[in-house]
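**Student:** Got a predicted structure here, sequence first:
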Amino acid sequence: MSETPAGADELTTALQALLAGEHDPLASCANFVAALYERLPRINWLGLYVRRGDELVLGPFQGRPACVRIPLGRGVCGTAAERRQTLCVADVHAFEDHIACDPDSRSEVVVPLMRDGEVYGVLDVDSPEPDRFTAGDVARLEAAAALLSAHLGAAARSL
């Protein structure tokens, strides 16, 4: 497997093809997560958390069992959701209020999933390597998250 994820165009094309014609939001999210997990080297967890009121609830994922509920504002996921901004953390053990679902994870990227200016969830990617994620990786993950949000449309609220 290559050292960097597929280029943005290749990744976008693959994800668009995978999502095309599927109308069930859960099926779309599950395949989206599986496709990203398969294409990103040197990661140990990738998944979605869906917003339910003031917390994030575990959705489709690949990797070890994970924390089921994360309050908004807590950990990397809850902080990214509350701030409505992507967080790329080189060393999660140095992140104040980090929630260690998998003690083997060392770095993390969390991208808020947005619809009509509101956060409906997050895309969370963990690696066992410190400082694993590049600016290019973050840009690709943000583009993938935007593609998923566009595909889901209004159904994003019903996840």
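**Tutor:** Yep, that arrived.
**Student:** Show me which helix runs longest in the chain.
**Tutor:** Longest helix of the chain, by residue count under DSSP state H: helix 135-152.
**Student:** So what touches it?
**Tutor:** Residues from elsewhere that reach helix 135-152 (C-beta atoms under 8 Å, 6 or more residues apart in numbering): 4-8, 11-12, 15-16, 19, 25, 28-29, 32, 36, 40, 86, 88, 109, 111-115, 120, 123, 125, 156, 159. For every residue, glycine as well, the C-beta is placed using N, CA and C.
**Student:** who does the helix or strand encompassing Phe61 pair up with?
**Tutor:** Per DSSP states H and E: Phe61 is located in strand 55-63. Counting by DSSP bridges, the strands paired with strand 55-63 are strand 45-52 (antiparallel), strand 69-71 (antiparallel).
**Student:** List the buried residues in the helix or strand bottoming out on mean pLDDT in the chain.
**Tutor:** Ranking every helix and strand in the chain by mean pLDDT, DSSP states H and E puts helix 8-19 at the bottom, with a mean of 85. Neighbour-count burial for helix 8-19, counted by 16 or more other C-beta atoms under 10 Å, picks out Leu11, Thr12, Ala14, Leu15, Leu18, Leu19.
**Student:** Not counting residues beside it along the chain, what's closest to the third one?
**Tutor:** Ranked by C-beta to C-beta, 6 or more residues apart in numbering and with sequence neighbours excluded, the top spatial neighbour of Ala14 is Ala35, at 6.3 Å.
**Student:** Would you mind measuring from Ala154 to Leu141?
**Tutor:** Using C-beta to C-beta, to the nearest Å, one gets 23 Å for the distance from Ala154 to Leu141.
**Student:** Looking at these two, which is more packed in?
**Tutor:** Shown here are Ala154 and Leu141; by other C-beta atoms under 10 Å, Leu141 has more neighbours (24 against 9).
**Student:** Name the helix or strand for the residue nearest the centre of the chain, please.
**Tutor:** Centrality entry for the chain: nearest residue to the mean C-alpha point is Leu123, 1.6 Å, by C-alpha atoms, centre = their mean. Per DSSP H and E: Leu123 is located in strand 118-127.
**Student:** do the same with Glu96
**Tutor:** Applying DSSP H and E, one finds Glu96 in no helix or strand.
**Student:** before we move on, what SS does Ser28 have?
**Tutor:** Recorded secondary structure, Ser28: helix (DSSP: H, G, I helix; E, B strand; the rest coil).
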